[in-house]
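Participant: what follows is a protein structure lacking sequence information:
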C-alpha cells in the first residue's frame, strides 16, 4: 500500500534531523568507542542514584493509588506551590496575576504556546541561531519566523527593532519573541542586562509578548548577569518557561510555564487535549527533590564538573580545530563552533560517526537554514577523558577536508 498519500501537508513544515538520520548509520556500525557530543544530557556523574530510587519508592508508598491515577491538567497543587518558592529563591518575579501550569517537559510548553498564540502567517522572532526543537515546535503553527542575529552580548536587539519598524510600516506586527537569554542553546551566549531591558522596551512599544526559555541559568561558570526577563517585566508580557530536565532528570519530563493567569488557563485547555496531565509520580518526585535540597545539591555538583569539562573542551578546540571560531560559553552545556566556509558539517557527520565521534550539525539551529559550516558540541555528558580525544578526532577530519 502507498501510505504517503494519507500523510498531511503539515509534515513538510518539519525539518528532517540530520542527527536522527545519523543514528540510523550508528545502528549499522559496531563501534568500539563513541564520543557523544550530540545530546544535551546532564552528566551521568551528577545523579545521586540511591536517593532518587528512595524518593521514587517513597512517593508510591506514601500516595499509593492517588499518584497512579489521573491528575489535574494544570498540575499537582503541592508541586506548584513548591515551584513558586523555588522561583522566588532564584529571584524570579511571580506577579499577583500570574499562574503556573506544569508541562511534560519544556518542549511541550513550546508547542502549547505556539498553538495558543500563532495563526498561520503571523510573525514571530527568534535568535539566530536558537534551539532547534523550538524552531520545529513553532513551525507547527506555520508562522513567518524572523531570525535575529546574535553576538557575544546576546540578541542584537537593534536589528530586531529594524524588523519591527518594517512590520509596522507594512501594517503588521509581531506576536512574540522567543529567547534563551542566559547560556543560550546552542551558543552558550548570554544577553546583557542592557539588551534585556531594551527588548522589554520594544515589547511595550510595539505590543508583543516575550517567551523566555530558561533551562540553563542554573549553570553559569563566569561572573555574569542572570537576571530573568520575567523579573524585569512590569507589564506581564513575559511567558517564562523552565524545566527539571537539566537540574534533576530529563526522563521525568517535568517542566513549567509561569505567565499571566489568562494565558495559563488557555494553555490548560490545550494541554488537556494533548496528554491530560504530566505524570503525577514525576511531579511528586520533583517536589520532594526541591523541598529537600536535592536539586540544589545536583546543581552545585554539576556546576563544578561542567566547568572543568567546558575548559577541557575549549583547550582541545584551541589545539585541534584549524580556522574555527567560537564564543566562550559563560554557562549552559554547549559550545557552538564556526568552521571555515568550505566545511559542510552535515556532510562531515557520517565520516565523524565512522571515526567514533557524534555531534549536531549547526544548520538545524538557524531559522534561515544558514550555518552549514557550524556544529554544536555538548560538554556536560561525555566523560572528561573523552573530550580531548573526541576533539582531536574531529580536528583531523576537518584538516583532511580542508586539504581536498
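Facilitator: That came in fine, so what should we check first? Please read all numbers here as calculations on a predicted model, not as lab measurements.

Participant: please name the residues that touch residue 375.
Facilitator: Residue 375 sits next to 336-337, 339, 345, 359-362 when contact means CB atoms under 8 Å, 6 or more residues apart in numbering. For every residue, glycine as well, the C-beta is placed using N, CA and C.

Participant: so what's it closest to, chain neighbours aside?
Facilitator: Once flanking residues are discounted, residue 375 sits nearest to residue 345: 4.4 Å by CB to CB, 6 or more residues apart in numbering.

Participant: got a pLDDT number for that neighbour?
Facilitator: Residue 345 carries a pLDDT value of 96.

Participant: for it, give its distance to residue 377.
Facilitator: 11 Å (CB to CB, to the nearest Å).

Participant: what touches both of these two?
Facilitator: Common neighbours of residue 345 and residue 377 (CB under 8 Å, 6+ apart) are residue 359.

Participant: quick one: average confidence on the helix or strand harbouring residue 376?
Facilitator: If you go by DSSP states H and E, residue 376 is part of strand 374-378. Mean per-residue pLDDT for strand 374-378: 97.

Participant: so in that sheet, which strands flank it, and in what orientation?
Facilitator: strand 334-338 (antiparallel), strand 360-361 (antiparallel) (DSSP bridges).

Participant: could you point out the longest helix of this structure?
Facilitator: helix 294-320 (DSSP state H).

Participant: got the buried residues for it?
Facilitator: For helix 294-320, burial by neighbour count (16 or more other CB atoms under 10 Å) applies to 294-295, 298-299, 302, 305-307, 309-310, 312-314, 316-317, 320.

Participant: deepest of the strands paired with strand 374-378, which one?
Facilitator: strand 360-361 (a mean of 26; mean count of other CB atoms under 10 Å).

Participant: what is the mean pLDDT for it?
Facilitator: On average, strand 360-361 scores 95.

Participant: what distance separates stretch 35-42 from the centre of its chain?
Facilitator: Per CA atoms, centre = their mean, to the nearest Å, the displacement of stretch 35-42 from the mean C-alpha position of its chain is 13 Å.

Participant: please apply the same query to stretch 288-296.
Facilitator: When distances are taken as CA atoms, centre = their mean, stretch 288-296 is centred 22 Å away from the chain's centroid.

Participant: hmm, who's touching that stretch?
Facilitator: Contacts of stretch 288-296 from elsewhere in the structure, counted by CB under 8 Å, 6+ apart, are 48, 51-52, 55, 58-59, 82-83, 85-86, 244, 247-248, 298.

Participant: farthest pair in the contacts of residue 375?
Facilitator: Farthest pair in these (CB to CB) is 339 and 360. Separation: 13.6 Å.

Participant: so who does residue 266 touch?
Facilitator: By CB under 8 Å, 6+ apart, the contact set of residue 266 is residue 116.

Participant: quick one, grab the pLDDT at it.
Facilitator: Residue 266 is given a pLDDT of 98.

Participant: now do the same for it: helix, strand or coil?
Facilitator: Put simply, residue 266 is helix when judged by DSSP: H, G, I helix; E, B strand; the rest coil.

Participant: how far away is it from residue 138?
Facilitator: 17 Å.

Participant: same question for residue 41.
Facilitator: 24 Å.

Participant: ok, those two, which is more surrounded?
Facilitator: Ranked by neighbour count (other CB atoms under 10 Å), residue 41 and residue 138 place residue 138 first, with 26 against 16.
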